[in-house]
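> what shape does this take:
(chains A, B and C)
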Amino acid sequence: MLALTSRIPPGRVSTYRLIAEAMNTRAYRAVGAALHKNINPVTVPCHRVCNSDGSIGGYSGGVEKKIALLMQEGVEVKNGRIVDFERRLFRVF
DNA sequence: ATATTGACATTTA
DNA sequence: ATAAATGCCAATA
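This is a model prediction of the structure:
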């Protein structure tokens, strides 16, 4: 699962749901839970994962940090929502 | 092995 | 539009 998460290209975002679906499961919660407990630095950029409705969700170091990182990558985040969320959604090929 | 919980999602009011 | 309730499946304890 971490492989999937780390597969997200920069400037692009994904959702817990998509990741779960990509691994042929519906355990979106498990994805987030696992990441929450096991933050693999640099190996897995968890800050590129958000909720299916475009909201940021949560982050270990704080949502603000996550938003900052996303902005740094070029993803505009306004009022806790990702701009052109569905367009920036990374789809596994 | 079982029980509880969770960085969610979807539906219903 | 928001809020609450319910479902979901894996991870942790």
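> contact partners for the most far-flung residue of chain A relative to its centre?
Distance to the chain centre peaks in chain A at residue A:24, reaching 17.6 Å (criterion: Cα atoms, centre = their mean). With Cβ atoms under 8 Å, 6 or more residues apart in numbering as the criterion, no residue contacts residue A:24. In short, each C-beta sits where N, CA and C put it, glycine included.
> cool, residue A:88 as well?
A:11-13, A:75, A:82.
> could you find the closest non-adjacent residue to it?
Closest residue to residue A:88 apart from its sequence neighbours, by Cβ to Cβ, 6 or more residues apart in numbering: residue A:13 at 5.3 Å.
> are we agreed that the residue farthest from the centre of chain A is in a strand?
No - counting by DSSP: H, G, I helix; E, B strand; the rest coil, residue A:24 falls outside a strand, being coil.
> near residue A:75, how many residues? Count them for me, please.
21 (other Cβ atoms under 10 Å).
> in terms of helices and strands, where is it?
Per DSSP states H and E: residue A:75 is located in neither a helix nor a strand.
> what sits against it?
Residue A:75 sits in contact with A:11-13, A:82-83, A:88, where contact means Cβ under 8 Å, 6+ apart.
> mind running it again at 6 Å?
A:13, A:88 (Cβ atoms under 6 Å, 6 or more residues apart in numbering).
> with residue A:76 instead?
Neighbour list for residue A:76: residue A:83 [criterion: Cβ under 6 Å, 6+ apart].
> what's the helix or strand for residue A:5?
Short version, using DSSP H and E: residue A:5 is in helix A:2-6.
> without its sequence neighbours, what residue ends up closest to residue A:90?
Closest residue to residue A:90 apart from its sequence neighbours, by Cβ to Cβ, 6+ apart: residue A:12 at 4.0 Å.
> which bits of chain A sit near DNA strand C?
Residues of chain A found near DNA strand C (Cβ under 7 Å from any atom of the strand) are A:1, A:25-27, A:29-30, A:33-34, A:37-38.
> so for those residues, which is the shakiest by pLDDT?
Across those, the bottom pLDDT score, 66, is held by residue A:1.
> among the residues of chain A next to DNA strand C, which lie within helices?
Of the residues of chain A next to DNA strand C, the ones assigned to helices by DSSP state H are A:29-30, A:33-34, A:37.
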